[in-house]
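[1] Predicted model and sequence follow; I will ask about them next.
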Amino acid sequence: MRPSFVLVAMSLLACAPSSRGTVRLFVSGELAAETGYPTPGPDPIAFVDGWSMDFDHVLVGVETIRLGQGELARPPLVADLHLGPAELFTEAALPSGRLEVGYTLAVPGPSSVEVGVVDPAVRARMESAGASLLLAGRARHPVHGAYTFELAVSRPIIAESCEQADGTLGLVVPDNGATEAELTVHLDHLFFDSGTAEAPSLRFEAWAAAAGDDRHVTLDELAAQPLADLVGIDGMPLRDEDGLVAYVPPATGASITTLREHVLALAASSPHWMGEGHCRYR
């Protein structure tokens, strides 16, 4: 049996009623989930404050996928993106044409089917935390040394009306043909210092400063870092070579006053479509 999940009906933008095509759908955390930061290549994604990072696990729970019209009831999924892209399903009976796309990340439950290898202990911690996304690993700094972290994003994330990077809506299913598509989770969003800047920076020192004597960082510990008075590892106001470091939370309409709330708000925009494509988020 192939693992899959609930396929929810949404509007079909254009298709011939009698035509069908095949979609092979994956979920990926891109190279960052596999290799950490800085990412390899000529234009790496990297922390600006000297930290590097690698992951032990990047677990994601996928509860629903919305692709055009038609409804298929299937169990939700859970995958570890640190092991590479995971194939969610291959569906050979979708209407051809352009389909609107959306999906939901949510906490796995007893009925969630594992795609690939998932550590049962990490999955249990994810379920216990009520997390839709769980990142575990370590961050290193040439001066400050190594810290471990486990970040459990304790809320569902709904991505709707997803667009591809060129602004085209959804997905085109070829008539009597096949195509591949990808739900892409951008992990770097969780470490942004701004939710409004066009090119925010990745930072980790404020996270490390929130850790206790065990040098292990959790989401709840980030609540001790007020955005208006962030401190560094030395206990002094957080600074870099340009002066005081200011974090700017996303414009969600909610009151965001701590680093914990900032990270959760940023997590809402981490799901993407086909790499760099964006969605409407709730």
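    It's in.
[2] all strands of the stretch 101-250 of the chain, in order?
    Shown for the stretch 101-250 of the chain, the strands assigned by DSSP state E, counting those that start in this stretch span residues 101-105, 113-115, 133-141, 145-153, 157-160, 171-173, 178-185, 216-218, 239-240, 243-244.
[3] closest one to residue 280 among those strands?
    For residue 280, the closest of those is strand 157-160, at 4.6 Å, according to CB to CB. (Glycine included, C-beta is placed from N, CA and C.)
[4] Same list, the strands of the stretch 101-250 of the chain, but as CSV with mean neighbour count please.
    Shown next, in CSV, are those (neighbours: other CB atoms under 10 Å):
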stretch, mean neighbour count
strand 101-105, 24
strand 113-115, 20
strand 133-141, 21
strand 145-153, 19
strand 157-160, 20
strand 171-173, 23
strand 178-185, 19
strand 216-218, 18
strand 239-240, 14
strand 243-244, 8
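[5] With distance to residue 265 and mean pLDDT as added columns, please give those in CSV.
    Below are the strands of the stretch 101-250 of the chain laid out as CSV (distance: least, CB to CB, whole Å; pLDDT from 0 to 100):
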stretch, distance to residue 265, mean pLDDT
strand 101-105, 15, 93
strand 113-115, 28, 95
strand 133-141, 14, 98
strand 145-153, 11, 97
strand 157-160, 11, 93
strand 171-173, 28, 94
strand 178-185, 16, 96
strand 216-218, 18, 98
strand 239-240, 22, 94
strand 243-244, 22, 94
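[6] Let's have these in a markdown table, adding distance to residue 91.
    Converted to a markdown table, these look like this (distance: least, CB to CB, whole Å):
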| stretch | distance to residue 91 |
| --- | --- |
| strand 101-105 | 13 |
| strand 113-115 | 15 |
| strand 133-141 | 24 |
| strand 145-153 | 28 |
| strand 157-160 | 19 |
| strand 171-173 | 9 |
| strand 178-185 | 10 |
| strand 216-218 | 38 |
| strand 239-240 | 48 |
| strand 243-244 | 52 |
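[7] With respect to residue 21, which of those strands lies nearest?
    strand 171-173 (3.9 Å).
[8] In the chain, what residue spans correspond to helices?
    Along the chain, counting by DSSP state H, helices occupy 30-35, 120-129, 205-210, 259-267.
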